[in-house]
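Trainee: A structural model of the following input is requested.
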Amino acid sequence: MERSRWAVLGVWALLLALAGAPQEVRGAREAVYNLWVLDGGAMAVICTGTAISTDEGPAFLTAGHCVADAPNARYYISRAVDPDALVRVRLRWWEFGGIEAWKDGDWAIFRLPEGWSGPTLPVCRSMPEPGDDVWAWTGPLGMLPILRAGMYSGELHFPDSQEDEEAVGGMPFVDIEGAPGSSGSGMLRLEGGQVCVWGVWVGGFTRKPDGAIVSPLPPVLRGQ
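Mentor: As a prediction, this is how the structure comes out:
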């Protein structure tokens, strides 16, 4: 009974988010995938990610800490609606130096198979402004993606903690409902009327105030 209740609440939350989101954002779900790792003979879904378009062709974007423990493992992606249809992806480059250096970057780029024809999202050319609407399709631990709507709050700072400021100070923060297991989800915004990816969801607060810590993308992906 309790599980059914939470399932109904989840459906209502998704419907409310969809009702308030632009059509372009709703359609971005088609570019969202789960990331799997095969390491030591065990297969597991570990993070969410997004198929993006780059100057060098389509790629898969997720969080760097999702691959930091096993960069030489075999990785696959799949749609949550069809988890058995696994697609091999190959890690191209990644950045994650630990929580103490979080603001230096937390992202990973995978090569998609040659001839990839699935939907991709463009990378935003600029960051959102404080107060802008932003969104994320999150699929924690293989769940069906859920659309979460939020507002960009600006850079995160810790005036009372030099240690936290050195590690995280300056990272983008989004006022959005926290969701454990959502690491790697692409943060979305509208740019020129087109939905695009401006960052990667890498951490968050699940107690009030809810929010997500975001890793900006490397400038080369933004055409800079």
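Trainee: dump the residue contacts of the most centrally placed residue in the chain.
Mentor: Compute the mean C-alpha point of the chain, and by CA atoms, centre = their mean the closest residue is Ser185, 1.5 Å away. By CB atoms under 8 Å, 6 or more residues apart in numbering, Ser185 lies in contact with 32, 48-50, 136-139, 200-201. (Each C-beta comes from the backbone N, C-alpha and C, glycine too.)
Trainee: give me the distance between it and Gly193.
Mentor: Counting by CB to CB, to the nearest Å, the gap from Ser185 to Gly193 is 22 Å.
Trainee: again, but for Ile176
Mentor: Following CB to CB, the distance that separates Ile176 from Gly193 is 22 Å.
Trainee: looking at these two, which is more packed in?
Mentor: Ile176 (25 against 7; other CB atoms under 10 Å).
Trainee: count the residues that sit near the closest residue to Leu38 other than its chain neighbours.
Mentor: Once flanking residues are discounted, Leu38 sits nearest to Arg74: 4.3 Å by CB to CB, 6 or more residues apart in numbering. By the criterion of other CB under 10 Å, Arg74 has 14 neighbours.
Trainee: any buried residues in whichever strand or helix holds Asn34, and which?
Mentor: Secondary structure from DSSP states H and E places Asn34 in strand 32-39. For strand 32-39, the neighbour count (16 or more other CB atoms under 10 Å) marks 32-37 as buried.
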